[in-house]
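J.: Give me coordinates for this.
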Amino acid sequence: MIPCIFDITAKRAELGGVDIAMEEVATGRTVTYAALDDRAARAASLLVALGVSEGDRVAILCRNRIEFFELLFACAKMGAILVPLNWRMPAAEIRPLLADCTPGLLIFGEEDAGTAADLSADVPVLLGLDTDYAARRDAGPRHPGRRLWPADGIWYLLYTSGTTGKPKAVIYTFTMSMVNYINISQPIGLTGRDTTLNFLPLFHTAGINLHTLPTLIVGGRVLIMPGFDAELMLDLVAAGRIDAIFGVPAIYQMLAMHPRFASVDLTRLRSWGCGGAPLPDLLVQRFLERGVRVCNGMGMTETGPTAFIMDPNRVAEKIGSVGKPQVLSGVRIVGPDGVDVPSGQAGELWFGGPGITPGYWNRPDATEAAFSADGWLKSGDLARCDADGFYYVVGRIKEMFISGGENVYPAEVENVLAQHPAILEAAVVGVPDEKWGEVGHAHILPRPGHTLPTPDELIRYCRDRLAPFKIPKSFIAVTDFPRTAAGKVQKHRL
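T.: Model prediction:
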């Protein structure tokens, strides 16, 4: 028998159909697990009526809303593949993605109707979520569905946010979703009594998987906001309505800068998770002062995503660590020769296990390049492991540069610069230098209300905290950084 998993919404409707599955914070609109299953089954019939067959791609362009998830489950029920699109992209950037995945249908929300109209010649059928979608869904029958979903079947595609270049579509299987559910729910103690918050964009793995899909699998409640709103989130925290969240560093930065940060009882929210990019040590310390242990984690779109998450009891002791690999994640740290490096040394982080993507859609070349000969996924991240088994990500291989024969990891320099009271964030890149081969060039985002120190002042500041070869040779102020959806700085665009 082919390994399979059971229909998730059908199972949850059977186990607790009257329980609230999702609630939209702005409107108060809710859907029970029984209703979510019914709507997903009827949406599956609508997809079939619109000409979608098993294996076909269905593109979706919308902000965070309940209908996204009912369509995600609708695709699972009838065997189609959902393709969330980045609504921050103009039509010109989305068009090559559509040419790559060739969807037969584009579903869109009213905020993105203009972009959808611009793409009308690229997709055979368009369907508006805010026009006739609900009426057509409810008028149709329930799709009988596939009682069993093939474990290695493709559920959806996620185009990587591209910190270095052209996006690729990462294949997500049903097994990856179940592995991620285990890898995140165990360390944070996620149960059916918990409420989580969905606000990260749904074209990014965190928007789907941290913690929304695991919460729906376990039978908890998901509150949905169309996007991040610090004031509204603090209201929810103050009211004790959220048990667990996941955010990227920019979210924590905005919360820490909010006027109510010092007055709201943040401890009413049990589990605070962070990933997508390194969380500056200074922010970890600021939240510790408010009684909150923000747990760094680490993973990739290609790992499902959860691979590492920090033990909350060791946050203060191991600031900067992403924790240990979770129960279904295998990791190695290897040198350029593919051999594991000694403990404490930096090397490339490799991943293995059942939660790893099988590859990239229509890109056998990229798939082959991403894996070692024996099947380990090469992350491109440099990491080290300390004597207690805690891992630290020190940077990207492509970002590391060599100055005077010494390796410089920009993440380490950026972390030091971010501790300066006048600096909100820094991004360091290597640039050619006649004497040293390469030197650091720091892009500095000043903290609001502060004036950027002079280069000489910054050099003196760094000299007390960094080895001389790590100190940037030049500094430039910026008003913002080009970023991915996860908040990572796109250094190739600096």
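J.: Residue 463: neighbour count?
T.: Other residues lying near residue 463 total 11 when counted by other Cβ atoms under 10 Å. Yep, even glycine has a C-beta here, placed from its N, CA and C like the rest.
J.: my guess is it contacts residue 472, does it?
T.: No - under the criterion of Cβ atoms under 8 Å, residue 463 makes no contact with residue 472, lying 11.3 Å away.
J.: Quick check: pLDDT value at the residue of the chain most remote from its centre.
T.: Here the chain has its C-alpha centre computed as a mean, and the residue farthest from that point, by Cα atoms, centre = their mean, is residue 435 with 39.9 Å. Turning to residue 435, the model gives it a pLDDT of 88.
J.: which residues are contacting the least confident helix or strand in the chain by mean pLDDT?
T.: Taking mean pLDDT, DSSP states H and E as the measure, strand 406-408 is the helix or strand of the chain with the lowest mean score, a mean of 87. Contacting residues not belonging to strand 406-408 are listed as 346, 400-402, 430, 438, 440, 467, 469-470 [Cβ atoms under 8 Å, 6 or more residues apart in numbering].
J.: Who is residue 393 paired with across the strands?
T.: On DSSP bridges, the residues paired with residue 393 through beta bridges are residue 383.
J.: Counting neighbours, what do you get for it?
T.: Other residues close to residue 393 by other Cβ under 10 Å number 22.
J.: can you list the domains in the chain?
T.: When the chain is parsed with automatic domain parsing, its domains come out as 4-10+23-150, 223-396, 406-493.
J.: Out of the ones you listed, which gets the lowest mean score?
T.: Of all the domains of the chain, the minimum mean pLDDT falls on domain 406-493 (a mean of 91).
J.: Helices of the stretch 201-350 of the chain, start to end?
T.: In the stretch 201-350 of the chain, the helices defined using DSSP state H, counting those that start in this stretch lie at 205-209, 212-218, 230-238, 249-257, 281-289.
J.: what's stretch 353-362 in contact with?
T.: Outside stretch 353-362, the residues within contact range by Cβ under 8 Å, 6+ apart are 100-101, 152, 157, 168-173, 175-176, 179-180, 183, 301-304, 306-307, 328-330, 366-367, 370-371, 377.
J.: sorry, back to before: if I look at the residue farthest from the centre of the chain, how far off is residue 403?
T.: Here the distance between residue 435 and residue 403 works out to 10 Å (Cβ to Cβ, to the nearest Å).
J.: Nearest residue to the most centrally placed residue in the chain in space, please, no chain neighbours.
T.: Against the mean C-alpha coordinate of the chain, by Cα atoms, centre = their mean, the closest residue is residue 206 at 3.2 Å. Ranked by Cβ to Cβ, 6 or more residues apart in numbering and with sequence neighbours excluded, the top spatial neighbour of residue 206 is residue 200, at 4.7 Å.
J.: Let me see the contact set for the closest residue to residue 343 other than its chain neighbours.
T.: Of all residues beyond its chain neighbours, the one nearest residue 343 is residue 385 (5.9 Å), with distances taken as Cβ to Cβ, 6+ apart. Shown in contact with residue 385 (Cβ under 8 Å, 6+ apart): 333, 343-344, 391-392.
J.: So which of the residues you listed are in strands?
T.: Using DSSP state E, the members of these that fall within strands are 333, 391-392.
J.: Adding neighbour count and distance to residue 45, write those out as CSV.
T.: Output for the ones in strands among the contacts of residue 385, formatted as CSV (neighbours: other Cβ atoms under 10 Å; distance: Cβ to Cβ, whole Å):
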residue, neighbour count, distance to residue 45
333, 21, 49
391, 22, 46
392, 21, 50
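J.: Need the residues you listed in a markdown table (columns: distance to residue 72).
T.: Converted to a markdown table, the ones in strands among the contacts of residue 385 look like this (distance: Cβ to Cβ, whole Å):
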| residue | distance to residue 72 |
| --- | --- |
| 333 | 35 |
| 391 | 31 |
| 392 | 34 |
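J.: wait, which of those is closest to residue 482?
T.: For those, the minimum distance to residue 482 (Cβ to Cβ) is 25.8 Å, reached by residue 392.
J.: from what I can see the closest one touches residue 324, true?
T.: No - Residue 392 is not in contact with residue 324 according to Cβ under 8 Å; the separation is 11.4 Å.
J.: Quick check: beta-bridge partners of residue 446?
T.: According to DSSP bridges, the partner residues bridging residue 446 are residue 423.
J.: Check the contact between it and residue 452; I expect there is one.
T.: Yes - the pair residue 446 / residue 452 is scored as a contact, 4.7 Å apart, by Cβ under 8 Å.
J.: ok, now which ones touch residue 332?
T.: With contact taken as Cβ under 8 Å, 6+ apart, residue 332 is in contact with 340, 349-350, 352, 376.
J.: ok, it to residue 348 distance?
T.: For residue 332, the distance to residue 348 equals 9 Å [Cβ to Cβ].
J.: can you check residue 48 too?
T.: Separation of residue 48 from residue 348 (Cβ to Cβ) stands at 45 Å.
J.: swap in residue 127?
T.: Residue 127 sits 43 Å away from residue 348, taking Cβ to Cβ as the criterion.
J.: Next: residue 54.
T.: Looking at residue 54 against residue 348, where the rule is Cβ to Cβ, the gap reads 38 Å.
J.: One more: residue 333?
T.: Where residue 348 is concerned, residue 333 sits at a distance of 7 Å (Cβ to Cβ).
J.: who touches both of those two?
T.: With contacts defined as Cβ under 8 Å, 6+ apart, the residues shared by residue 333 and residue 348 are residue 383.
J.: For the closest residue to residue 265 other than its chain neighbours, give me its contacts.
T.: Counting by Cβ to Cβ, 6+ apart, the nearest residue to residue 265 once its immediate chain neighbours are dropped is residue 238, at 6.6 Å. Residues in contact with residue 238, defined by Cβ under 8 Å, 6+ apart, are 264-265, 268.
J.: go with 10 Å
T.: Applying Cβ atoms under 10 Å, 6 or more residues apart in numbering, we find residue 238 in contact with 260, 263-266, 268-269.
J.: ditto for residue 109
T.: Residues in contact with residue 109 (Cβ under 10 Å, 6+ apart) are 60-65, 67-68, 87, 116, 128-130, 133, 226.
J.: Grab the nearest non-local neighbour of it.
T.: By the measure of Cβ to Cβ, 6+ apart, the closest residue to residue 109 outside its immediate chain neighbours is residue 62, 3.5 Å from it.
J.: for the stretch 101-250 of the chain, what spans make up the strands?
T.: All strands of the stretch 101-250 of the chain, identified by DSSP state E, counting those that start in this stretch, fall at 105-108, 125-128, 148-150, 154-159, 169-173, 195-198, 221-224, 244-247.
J.: ok, and what's touching the shortest one?
T.: Residues external to strand 148-150 that are found in contact with it (Cβ under 10 Å, 6+ apart): 1-8, 76-77, 79, 155, 173-175, 177-178.
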